[in-house]
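> output the structure for:
(2 chains)
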Protein chains: 2
Amino acid sequence: MRGVEVEPVLEAVERGFPASVERLVELLRIPSVGTDPAFAEETKRAATWLVDRLRAIGFDASLRPTPGMPMVVAHDRDAPADAPHLLYYAHYDVQPPDPLGEWESPPFEPVIVEGPHGPRLVARGAVDDKGQLMTWVEALAAWKAVHGRLPVRVSILIEGEEESASENLEPFLVAHAEELRADVCVISDTGMLGVDEPAITTMLRGIAYFELRLRGPGRDLHSGMFGGAVPNPIHVLCRVLAELHDAEGRIALPGFYDRVVELDPEIRARWQRIPFDEKGFLETAGLSRSVGEAGRTVLERLWSRPCCDVNGIWGGYTGEGSKTVIPARAAAKLSFRLVPDQDPEEVAEQLRAFLAARIPAHVAWELVAMGMGRPIRVPTGSPFLAAARRALARVFGKEPALIGCGGSIPVTASIKHRLGMDSLLLGFGLDDDRVHSPNEKFELACYRKGILSHAAFLAEAAGIRG
Amino acid sequence: MRGVEVEPVLEAVERGFPASVERLVELLRIPSVGTDPAFAEETKRAATWLVDRLRAIGFDASLRPTPGMPMVVAHDRDAPADAPHLLYYAHYDVQPPDPLGEWESPPFEPVIVEGPHGPRLVARGAVDDKGQLMTWVEALAAWKAVHGRLPVRVSILIEGEEESASENLEPFLVAHAEELRADVCVISDTGMLGVDEPAITTMLRGIAYFELRLRGPGRDLHSGMFGGAVPNPIHVLCRVLAELHDAEGRIALPGFYDRVVELDPEIRARWQRIPFDEKGFLETAGLSRSVGEAGRTVLERLWSRPCCDVNGIWGGYTGEGSKTVIPARAAAKLSFRLVPDQDPEEVAEQLRAFLAARIPAHVAWELVAMGMGRPIRVPTGSPFLAAARRALARVFGKEPALIGCGGSIPVTASIKHRLGMDSLLLGFGLDDDRVHSPNEKFELACYRKGILSHAAFLAEAAGIRG
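Okay, the predicted model is just below:
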């Protein structure tokens, strides 16, 4: 069929790249901070922008209400009924830009600045996930523009609550399972090993995120009048959080490692050949050395081992100067990254038992689960994975590495569980993109190669027959 | 001499008590929140009100500028040159009234409400320190009204920055040492054991207050991308703070207890006879049980043992919902309450060494001292203490208890250090007065007996010859 001639599409992508950048800038100008109620209208505006854009390309696109942010759903079914069917997933919400003072330019006024890899786009969401989602939106647009239609059947689902635990995603998947089910789910929310080092992510850590709230005295007390005779909830909180790790950097919850699968020796060997720049990786984090579980390389720690981090802590007086208070309350946010075959619900039970054994009876506490996602392994025998490897090899001139990812993309577990589909994780971020941090950026080189890769992948995927 | 006839003065106090209440209400209406720049003019107005009042009584009173709030200084030298010389110290500034929503009546619109001990005055500053300072101002006024002069020489110093660390007090004491030096400093900023249970405070804990700031990564990191391989400053902070106390509730700084003087067995025996309502004390704190150093009573823990409390902690994401961040920074405010003969500067060195031994080299840290005050012991052989005991016994019909106080009154250390004078801590507050909290109150019964006690004390003090 005429539709699988990829060369003119790739040429169109190159020619149209400046316009692709402009469209991404337009989307980045919308402050879609989904977690902050003050930005609810702006977040919805990002969804509307995507619906408009997908319609302009030729999709049957619509906004679907949920109890939270609406879903963007779109379909293009012009390809033959026996052509493969891809479901693209992404999210249009972004992380809050705090701390605002550390941004060199306003987070929602995208700027292009020159870096070691050429121009880069700096803005909140530049890579996570607006830049990444626009790689495939632009590739789909190029196919439509050149050939009038796509070589495969395509459905699209873009949510607005990924950065706040995707509360409404699973119910939506369940309610629209027939409409959304496809042969594979394509997600661009992962990274490469370098600007010229393509990669496909085949392992993702899961997550179990909690808020722990402690209550000591009934009100804030004067630390002179009461100090030494009453419980201080900050002390109790620090003690239990300190005990979460043992002296070897392992997590101290009883049973935590029971289901952890040791890394396949062949994968370990392959990872050891990855040209991973540990020094550069640490430099992007402002660090000179790594810490963590003893006896593991940095990549093993990040991709194949579970971990636990306190993500936030607060209690008592935190303003300028001094205030002599014993606070009534203290709290922390903490999260576990999980690997196959750990179960976040089981970890929640382990944590609850750990806390119950340690928090004294005179301190009231509650543990609130705030986001759960299972760890994921992508089957390496998948024809879509093979197609993606060929597409990347064509665009980059070299074989992509099959890597792990320390982050969690809980939607992959939801899609597996609710729709029975595997995911293909084809991402174009770099380790130094400052995801979730001030001055988040996306290399324009990565954006361009991302669009080219998705365009090439559509052609490769078209050759697959079920 | 005629001036030492005390009976007519006590009668005048009783007769004039309604007017004494009116004057206190007038002073409480002035919102002298010294720590808040928005209230600077109002705070100065409280100083002016006091100067006017002291002049009306017959004092040579004036407002003395400082780089911050002015000092009120007043003298009355009509008594014979060989009469004892008292310096009264107090403060006219009050704590901010926040949280405003928890007040049952506006904090600067004093109201008299009926309580279990009769009428009480509710307002910010009702007891700390406006109500207390008016006990001796009214006593001095009664003496002047009845006898035309005071039986002792009296100087007065009232500052406006006590609630914000008294930054300008020490320089003022140094610059005006000759003018202010007296035989003893009388301070009413402490409490009784009950509305009919007089007390004199002879031990005050000192304080050493710090802010500890930690820095891990150079910026906030994504906890998925970096978790398990990089240091988290919240973990390090929790670990060192958890290690500040051992399993018996003792403070783990090496050398911390070296200078702690064990309580005199006779004082311990006397404290054991104090009718201390432990249950009621804990109830005011919203607690059902006490914690703390093993093998000590609650009063011993509060009055004679050092302690350490984390007064505030913060780091990472503390907003609604979840954010998967490994923070660049974490910090805490922590303070030690000290007892004789501990030295706050020495404790600072012990803490610094403790931290240096525990914080790993890859985490940068700094420790900022934010307030230091030595512990205080009032010499029990002082003739002024004996005079105060006689005065209280006369007014209350029972011997006052000699008690400790868990809080710190740093001015006592400054006056000892800069003017070489001991202090006499003659206070009329109660544990449930809600000092620094919403709905602060002063029992009118305490106010009345406070005025009577100061009036009686002036007569007793007049009998002392150097």
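> quick one, what contacts the residue in the stretch 351-466 of chain A positioned nearest to chain B?
Residue nearest to chain B within the stretch 351-466 of chain A (Cβ to the nearest Cβ): residue A:407, separated by 2.8 Å. Just so you know, the C-beta spots here come from the backbone N, C-alpha and C atoms, and that holds for glycine as well. The contact partners of residue A:407, by Cβ atoms under 8 Å, 6 or more residues apart in numbering or on different chains, come to A:190, A:204-205, A:337, B:222, B:224-225, B:324.
> if you set the cut-off to 6 Å instead, what comes out?
By Cβ atoms under 6 Å, 6 or more residues apart in numbering or on different chains, the contact set of residue A:407 is B:224-225.
> got the residues of the stretch 251-400 of chain A near chain B?
For the stretch 251-400 of chain A, the residues in contact with chain B (Cβ under 6 Å from any Cβ of the partner chain) are A:285-287, A:289-292, A:298, A:301-302, A:305, A:307, A:309-318, A:322, A:325-326, A:337, A:362, A:370-371.
> for chain B, see how far away the closest residue to residue A:130 other than its chain neighbours is.
Sequence neighbours aside, residue A:27 is the residue nearest to residue A:130 in space, at 5.2 Å (criterion: Cβ to Cβ, 6 or more residues apart in numbering or on different chains). Remark: distance between residue A:27 and chain B (Cβ to the nearest Cβ, to the nearest Å) = 21 Å.
> which helices and strands does the helix or strand harbouring residue A:49 pack with?
Assigned by DSSP states H and E, residue A:49 belongs to helix A:40-57. Judged by 3 or more Cβ pairs under 6 Å, 6 or more residues apart in numbering or on different chains; DSSP states H and E, the packing partners of helix A:40-57 are strand A:60-64, strand A:71-76.
> in PyMOL, select just the buried ones from the residues of the stretch 251-400 of chain A next to chain B.
In PyMOL syntax, the buried subset of those is picked out as below (16 or more other Cβ atoms under 10 Å in any protein chain shown):
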select buried, chain A and resi 285+287+290+291+292+298+301+302+305+307+309+310+311+312+313+314+315+316+317+318+322+325+326+337+370+371
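> burial check on residue A:62, number of neighbours?
Residues contacting residue A:62 under the criterion other Cβ atoms under 10 Å in any protein chain shown number 14.
> what about the residue in the stretch 1-150 of chain A positioned nearest to chain B, which SS state?
Nearest to chain B, among the residues of the stretch 1-150 of chain A, is residue A:35, at 4.9 Å (Cβ to the nearest Cβ). Assigned state for residue A:35: coil (three-state reduction, DSSP: H, G, I helix; E, B strand; the rest coil).
> residue A:342 and residue A:259 touch, don't they?
Yes. Here residue A:342 reaches residue A:259: they are 5.0 Å apart, a contact under Cβ atoms under 6 Å.
> look at the two and report which has more neighbours.
residue A:342 (23 against 16).
> report the contact partners of that one.
Residues counted as contacts of residue A:342 (Cβ under 6 Å, 6+ apart) are residue A:259.
> now do the phi/psi pair for it.
phi -70, psi 150 (degrees, to the nearest 10).
> please tell me how far it sits from chain B.
Residue A:342 is 13 Å from chain B, by Cβ to the nearest Cβ.
> point out where chain A drops to low pLDDT.
Low-confidence segments of chain A (pLDDT under 70): A:1-3, A:466.
> what residue is smack in the middle of it?
Per Cα atoms, centre = their mean, the C-alpha nearest to the average position across chain A is that of residue A:409, at 5.0 Å.
> quick one, strands of the stretch 351-466 of chain A?
A:364-373, A:376-377, A:401-405, A:423-425, A:441-443 (DSSP state E, counting those that start in this stretch).
> any idea which of those strands is most buried?
Of all these, strand A:441-443 has the most neighbours on average by mean count of other Cβ atoms under 10 Å in any protein chain shown, namely a mean of 27.
> circling back to that earlier point, point out the most buried one among the helices and strands packed on helix A:40-57.
Greatest burial across the helices and strands packed on helix A:40-57, using mean count of other Cβ under 10 Å, falls to strand A:71-76, with a mean of 22.
> what's in contact with the very next helix or strand once past that one?
Scanning forward in sequence from strand A:71-76 by DSSP H and E, the next helix or strand is strand A:85-91. Contact with strand A:85-91 is made by A:129, A:133, A:136, A:152-159, A:162, A:180, A:182-183, A:185-187, A:411, as judged by Cβ under 6 Å, 6+ apart.
> ramachandran angles for the closest residue to residue A:90 other than its chain neighbours?
Closest residue to residue A:90 apart from its sequence neighbours, by Cβ to Cβ, 6+ apart: residue A:133 at 3.5 Å. Per-residue torsions, residue A:133: phi -70, psi -30 (degrees, to the nearest 10).
> how close does residue A:133 sit to residue A:159?
11 Å (Cβ to Cβ, to the nearest Å).
> list the contacts of the residue of chain A most remote from its centre.
Taking Cα atoms, centre = their mean, the residue of chain A most remote from its mean C-alpha position is residue A:225, at 48.2 Å. Neighbour list for residue A:225: B:406-407 [criterion: Cβ under 6 Å, 6+ apart].
> for it, helix, strand, or coil?
helix.
> columns distance to residue B:233 on top of the helices and strands packed on helix A:40-57, output as a markdown table?
A markdown table is the format used below for the helices and strands packed on helix A:40-57 (distance: least, Cβ to Cβ, whole Å):
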| stretch | distance to residue B:233 |
| --- | --- |
| strand A:60-64 | 42 |
| strand A:71-76 | 38 |
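> any chance of these in JSON lines, with distance to chain B too?
Shown next, in JSON lines, are the helices and strands packed on helix A:40-57 (distance: least, Cβ to the nearest Cβ, whole Å):
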{"stretch": "strand A:60-64", "distance to chain B": "22"}
{"stretch": "strand A:71-76", "distance to chain B": "19"}
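> and stretch A:137-144, C-alpha only, in CSV?
Provided in CSV are the C-alpha atoms of stretch A:137-144 (Å, rounded to 0.1, in the frame of the first residue of the first chain):
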residue,chain,number,x,y,z
VAL,A,137,1.4,13.7,17.7
GLU,A,138,3.7,15.3,15.2
ALA,A,139,4.6,12.0,13.6
LEU,A,140,0.9,11.1,13.1
ALA,A,141,0.3,14.6,11.7
ALA,A,142,3.2,14.1,9.2
TRP,A,143,1.8,10.7,8.0
LYS,A,144,-1.6,12.3,7.5
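> alright, calling it a day.
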